[in-house]
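> using only what follows, build the 3D model:
(2 chains)
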Amino acid sequence: GNSVTQMEGPVTLSEEAFLTINCTYTATGYPSLFWYVQYPGEGLQLLLKATKADDKGSNKGFEATYRKETTSFHLEKGSVQVSDSAVYFCALSLHPNAGGTSYGKLTFGQGTILTVHP
Amino acid sequence: GAGVSQSPSNKVTEKGKDVELRCDPISGHTALYWYRQSLGQGLEFLIYFQGNSAPDKSGLPSDRFSAERTGGSVSTLTIQRTQQEDSAVYLCASSFTGTAYNEQFFGPGTRLTVL
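Take a look at the predicted model:
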């Protein structure tokens, strides 16, 4: 089956520190990869995505590169801010196989809680 | 513009009662998904609707769970004879089409507590 494994949290950093949250996946087909973020008191929202190998997704200073050879999609940010404190979810969605059904349902990792202190 | 809305935002019920959760997707989105977020299981897929096609019910945990989507828009998730393990946040999401390329937009969720 399909699965996503994220680095264990919680992660606690000081402002301006470098962030890495590891994410690896297994998939029965060819996936798109996503990072979703859930800020305190808010709904889940897309942070960035990559739909094919070697693509780099980026948004709000966050980056992640789709590495097919290592089945990974690690999230990085060079300098975190207090406002980045949130729960981060790595997820995948399969592309359709030839003659198959395209439905885009997401398989999520367990989430990583990030807390950034001033 | 309006996002995905869900109602109620909170629901407390007694074990054995039936509950209905409602989702209003973004207008024009043909794909609608239900997920469940719980401490023990994380975020898990429940059911998917795409246009007039038969729904993908592969994630429903038991036959006590059902969902429908009327007129290709509003969806209702029904849980019959609720159990304490059904306590979770139920999230609805919609996307323009149901593919691996499209962003899913999530509603704020319904927090269900079964006493």
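> only C-alpha atoms for contact and neighbour calcs from this point on.
Will do.
> quick one: the helices in chain A?
Ranges of helices within chain A: none, based on DSSP state H.
> what about the strands in the chain?
By default, I'm working from chain A. For chain A, the strands defined by DSSP state E cover A:3-6, A:11-14, A:19-21, A:23-26, A:31-38, A:44-50, A:56-59, A:62-65, A:75-77, A:86-94, A:107-108, A:112-117.
> that's the wrong chain, I wanted chain B
In chain B, strands defined by DSSP E lie at B:5-7, B:10-13, B:19-24, B:31-38, B:42-50, B:65-69, B:75-79, B:88-95, B:105-106, B:110-114, listed in chain order.
> any idea which of these is most buried?
The highest mean neighbour count among the strands of chain B, using mean count of other Cα atoms under 10 Å in any protein chain shown, belongs to strand B:88-95: a mean of 26.
> that one near chain A anywhere?
No: no part of strand B:88-95 sits near chain A under the criterion Cα under 8 Å from any Cα of the partner chain; the closest distance found is 8.9 Å.
> before we move on, the earlier item: mind putting the strands of chain B in JSON lines, mean pLDDT included?
Listed next are these as JSON lines, based on pLDDT from 0 to 100:
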{"stretch": "strand B:5-7", "mean pLDDT": "96"}
{"stretch": "strand B:10-13", "mean pLDDT": "97"}
{"stretch": "strand B:19-24", "mean pLDDT": "97"}
{"stretch": "strand B:31-38", "mean pLDDT": "94"}
{"stretch": "strand B:42-50", "mean pLDDT": "92"}
{"stretch": "strand B:65-69", "mean pLDDT": "95"}
{"stretch": "strand B:75-79", "mean pLDDT": "97"}
{"stretch": "strand B:88-95", "mean pLDDT": "96"}
{"stretch": "strand B:105-106", "mean pLDDT": "94"}
{"stretch": "strand B:110-114", "mean pLDDT": "97"}
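> nearest to residue A:83, of those strands?
Within these, the stretch nearest residue A:83 is strand B:105-106; the backing value is 20.5 Å (Cα to Cα).
> middle-most residue in chain B, spatially?
Nearest to the mean C-alpha position of chain B, by Cα atoms, centre = their mean, lies residue B:34 at 3.1 Å.
> how much space between the nearest residue to it once chain neighbours are set aside and chain A?
Among residues not flanking residue B:34 along the chain, residue B:92 sits closest, at 4.6 Å (Cα to Cα, 6 or more residues apart in numbering or on different chains). Residue B:92 sits 10 Å away from chain A, taking Cα to the nearest Cα, to the nearest Å as the criterion.
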